[in-house]
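# got a predicted structure here, sequence first:
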Amino acid sequence: MEKYRIRFCKEGRAKYISHLDLLKVFTRCGRRIDLDLEYSQGFNPHAEIVFSAPLPLGMTSEAEYVDLQLAHETDPDKLLELLKRSLPSGIVPLKIRKLEPGEGSVMKPVRFARYRLEARTGENITPEIFFDSVKRCLDSNEPVMTAKKSKSGTKVVDIRPMIVSFGTDFKVVEGNNVSFEAVLAAGNEVNLRPEVAFKGIVDKLSGTDPSKTPEDAAPGETDDSFLCELLTARKMEFLDFEQKPLW
Amino acid sequence: MSELYLPDSMLLSVEKPGRYIGGELNSVIKADGQYDVHMAMCFADVYDIGMSHLGFKLLYHLLNDQERVWCERVFAPWPDLEDKMRAGGYRLFTLESQCEARTLDMLSFSLQYEMSYTNVINMLDLAGVPVKSKDRDESDPIVFCGGPSANNTEPMAEFFDFYNLGEGEEMLPEIVEVYRQCKLAGKNRSETLKEIAHVSGVYVPAFYDCTFDESGMFASLEPKPEYADIAPKRIRKRLVSDFERSYLPETMIVPNIEVVHDRIMLEIFRGCTRGCRFCQAGFIYRPVRERTPETLVKAAKKLLDSTGYEEISMLSLSTSDYSRLGELTDDLLEITVPKRVSIALPSLRLDSFSFELMEKVSAVRKSGLTFAPEAGTQRLRDIINKGVNEEDLLRSCRTAFEGGWSTVKLYFMLGLPFETDEDLIGIAELAHKVLALYDEIHAGRKARRPNITVSVSTFVPKPFTPFQWAPQIPVPEIIRRQNVIKEHLSRRVSFSWHDPETSVLEGAISRGDRRIGDVIYDVWKAGARFDAWQEFLDYGRWMEAFAKNGLHAEDFNRRERGLDEALPWDHVDVGVTKAFLKRELGRAQQGIVTPNCAEKCSGCGVQSYGRGICVGKIQN
């Protein structure tokens, strides 16, 4: 039994393939390239394929991982080549390595993830002012309250401790569209999705009650110049507890 | 790769956005300059249904294998997306190039079910294409259709520029080539349609006059004098010239999201030898033609290599009637076992041979066996020519129960011609016998509770069957008969039934004439779409549309048609003759069974094609 770990990109139309469907995509690909995938025992055997944490539908990523368990040793470079040729468009294998016996899951060392986000800022505000305000807000270490879904339902919580950085390395794409980076908690214990972080910060800057939508707020109650829209999110890499990028 | 037509924000706000993005493995993209004809196969339901349909996928690959043709796919957006598209001014789009469907040369609809007709109109409207043929001009695509429901051409005659009648494998490439020549020669729409009309199997509704008598009944359908030289009086359905050598795709699109039937489908034979008198498929797909195991296994191997699917399903109207089933299964197992691919054997008649087969392919899910006696008494089963008797059924159940099964589903129809309450009570009695058999086999032992379901659909008379003249019972009578079964059925048997209103509408459209087209148009105008989905069907809205046109659904259903009456589908020649259907109706009245055509030819007329198992058979 040999395990191989592959890091892959999920982008383009493939960002609409759900985590559940991804298993089928890889199993079928394995059959097309005659991969000797190991199967689980039991009534409904499934191929031994394990992914990193699910990527939200619609997000692209350069840091998806899959572990394939094969019956026999194989040439990793050849395997990578075969996968590249056979996977559907938008799922692009980047690199491969053979796992050492006893090596743990991809997610075990993961504590944070780095994202690149694109947003459209309000008409009445320059990107400089916007990001300066974001920086001051985070530097103040004041709580950032927002509605967050968890297993036990939706609660308004302080997400500030889950934000390492937000709004760094920003660039104007065109007009009011800006691109910037964020490092947020990720992994098996705590996880903050970029759109939740975005909403929390924007609500705080505009003075919106986190339990209300902007349309519900009374006129004049909020500062509309901070209202802006998150356009895209791309996961760039996972980071460990020292914020070092994963393989 | 082209950009998506709809913005991400819209796609992410609807259910299953994977339906709308294309880009699946083995979907076909052609570059500008690689094609002269740009067309689409359109399916009048959502992606998950359309992509489960073998015929739709087969014709897609067939058309894309033609030089100079690019065929894309178009599906109906689910209402959640459609509402957003209309609000935002978006139009119906193709999956592959993500362009507006109205910019294409041709749109080909696959008609599978009458209740999807409002979706056809809705899709044309959403595309920005005039929904009626007469309103289209040079800037619009040519809109046509084919498929089983297209055999009664008249209900949708106003909406299509032409119909393909019969099998598409040879006809479609021919039509597209004629179109291509016309396009390259700069011919206009009406000249092009005249050229297409020359292809055998094509029906152009606008070339015909439809008349009604003074009481409003359908009287005749004749070619208009000015088209007499190109429009045949009767259109004969097309058959592929050689089924064994006919198109079998070597590749197939693999959807990225879950669809209803997500597997390789191998069509092992076409047609059915049984001649059950209620079954339209059993008559319109004649003659029976088989493919050899060699051809099928070769195709299966290529399909497995190109798709990676985990399941192969044999496809036909009655798997057990395939003459070399054992051999085919063994040969398939040789290639499927090493790849961990499973084989599905649907619509098996359950005898000892098929139990053996099921064990062999380990398709044995002890949770589901189905039997279709269709009627509750032998008298009625003989009337409908369903060659199953009670002993067969109980013997199969015994084998199943002894083999550890505890779940059995029994399929029946109600509202069959010549049905009495005795036949309905017979349904309950048959279910009770199955139940008693289970108890007997497990007597004195601790056994699982049996799970026996009686599922009863409502019979809808269809054109091109011996029951095409028969009356269909109205809603209150359907409900009464459902209740008769319910009252007599033990509480230990589960009972499921079909919505009576859907059956009544399906019946009216199935045997409708051109006047039904106005009803379908008006009900669509009033907001109908996805009528095949119970949650969207609004019967009251349909009744209003009938009333607005001075019609009633029951006019089409309750009346027993005269044997000499002109029928709105008489101009379509499916090979089976009207004389044969009349003879079959007579035998039904007398309860005489007609033999399977593998045993004896009954002279249905399809022998005139000189193909399939009819070759060399002596007509009696």
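Happy to help now that I have it. Numbers count the residues shown, from 1 in each chain, chains lettered A, B, ... in the order given.

# does residue B:347 really touch residue B:318, like I thought?
Yes. At 5.7 Å, residue B:347 and residue B:318 qualify as touching, with contact defined as Cβ atoms under 8 Å. In short, each C-beta sits where N, CA and C put it, glycine included.

# who has more neighbours, those two?
residue B:318 (18 against 15; other Cβ atoms under 10 Å in any protein chain shown).

# the more buried one touches residue B:349, doesn't it?
Yes. Distance between residue B:318 and residue B:349: 7.1 Å, which falls inside the contact criterion (Cβ under 8 Å).

# show me the helices in chain A, by range?
A:19-32, A:76-86, A:127-139, A:194-206 (DSSP state H).

# how about the ones you listed in JSON lines, adding distance to residue B:80, mean neighbour count and mean pLDDT?
Converted to JSON lines, these look like this (distance: least, Cβ to Cβ, whole Å; neighbours: other Cβ atoms under 10 Å in any protein chain shown; pLDDT from 0 to 100):
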{"stretch": "helix A:19-32", "distance to residue B:80": "20", "mean neighbour count": "19", "mean pLDDT": "95"}
{"stretch": "helix A:76-86", "distance to residue B:80": "34", "mean neighbour count": "16", "mean pLDDT": "96"}
{"stretch": "helix A:127-139", "distance to residue B:80": "33", "mean neighbour count": "16", "mean pLDDT": "91"}
{"stretch": "helix A:194-206", "distance to residue B:80": "21", "mean neighbour count": "21", "mean pLDDT": "92"}
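
# tell me, how many residues neighbour residue B:177?
17.

# spatially nearest residue to it, not counting backbone neighbours?
With sequence-adjacent residues excluded and distances taken as Cβ to Cβ, 6 or more residues apart in numbering or on different chains, residue B:177 is closest to residue B:66, at 7.7 Å.

# and the helices of chain A: which comes nearest chain B?
Of all the helices of chain A, helix A:19-32 sits nearest to chain B, with 3.3 Å by Cβ to the nearest Cβ.

# the closest one vs chain B: in contact?
Yes. Interface with chain B: helix A:19-32 contributes A:21, A:24-25, A:27-32 (Cβ under 8 Å from any Cβ of the partner chain).

# list just the nearest of these to residue B:526.
Residue B:526 lies nearest to residue A:21 out of those, by Cβ to Cβ, at 37.2 Å.

# for that closest one, give its distance to residue B:18.
Computed as Cβ to Cβ, to the nearest Å, the residue A:21 to residue B:18 distance reads 7 Å.

# is there contact, residue-wise, from the lowest-mean-pLDDT helix or strand in chain A to chain B?
Least confident helix or strand of chain A, by mean pLDDT, DSSP states H and E, is strand A:145-150 with a mean of 87. No. Using Cβ under 8 Å from any Cβ, strand A:145-150 stays clear of chain B, with a minimum separation of 16.0 Å.

# what lines up beside that strand in the sheet?
strand A:153-158 (antiparallel) (DSSP bridges).

# low-confidence stretches in chain A?
Residue ranges of chain A with pLDDT under 70: A:211-222.

# tell me the domain ranges of it?
A:2-98, A:112-239 (automatic domain parsing).

# output those domains in CSV, with distance to residue B:288 appended to each entry.
Shown next, in CSV, are the domains of chain A (distance: least, Cβ to Cβ, whole Å):
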stretch, distance to residue B:288
domain A:2-98, 33
domain A:112-239, 56
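
# those: which one's closest to residue B:448?
Among the domains of chain A, domain A:2-98 sits nearest to residue B:448 (Cβ to Cβ), with 16.6 Å.

# and the closest one, end to end?
The straight-line separation of the ends of domain A:2-98 (Cα to Cα, to the nearest Å) is 8 Å.

# mind exporting the least confident helix or strand of chain A as PDB, just the C-alpha atoms?
Extracted C-alpha coordinates of strand A:145-150, given in PDB (Å, rounded to 0.1, in the frame of the first residue of the first chain):
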ATOM      1  CA  MET A 145     -19.000  41.100  15.800                       C
ATOM      2  CA  THR A 146     -20.700  39.200  13.000                       C
ATOM      3  CA  ALA A 147     -23.200  36.400  12.400                       C
ATOM      4  CA  LYS A 148     -21.300  33.100  12.000                       C
ATOM      5  CA  LYS A 149     -22.800  29.700  11.200                       C
ATOM      6  CA  SER A 150     -21.600  26.800  13.300                       C
END
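
# what's in contact with that strand?
Applying Cβ atoms under 8 Å, 6 or more residues apart in numbering or on different chains, the external contacts of strand A:145-150 come out as A:154-159, A:192, A:196, A:199-200, A:203-204, A:210-211.

# kindly report the same for stretch B:548-563.
In contact with stretch B:548-563 (Cβ under 8 Å, 6+ apart) are residues B:216, B:468-474, B:504-505, B:507-508, B:511-512, B:515-516, B:518-519, B:522, B:542-543, B:546, B:567, B:582, B:585.

# buried sites along that stretch?
B:551, B:553-554, B:556-557, B:561 (16 or more other Cβ atoms under 10 Å in any protein chain shown).

# could you list every residue that touches residue B:195?
Counting by Cβ under 8 Å, 6+ apart, residue B:195 has contacts B:178-179, B:181-182, B:187.

# from the residues you listed, keep the buried residues only.
B:178-179, B:182.

# closest one to residue B:449 out of those, please.
Closest to residue B:449, out of all of these and judged by Cβ to Cβ, is residue B:179, at 60.5 Å.

# that closest one: helix or strand, and which one exactly?
Using DSSP states H and E, residue B:179 maps to helix B:168-184.

# now do that helix, average pLDDT.
The average pLDDT within helix B:168-184 is 97.

# for it, packing partners?
Identification of packing neighbours for helix B:168-184 by 3 or more Cβ pairs under 8 Å, 6 or more residues apart in numbering or on different chains; DSSP states H and E yields strand B:35-43, helix B:54-64, strand B:68-75, strand B:106-110, strand B:142-146, strand B:162-164, helix B:189-196.
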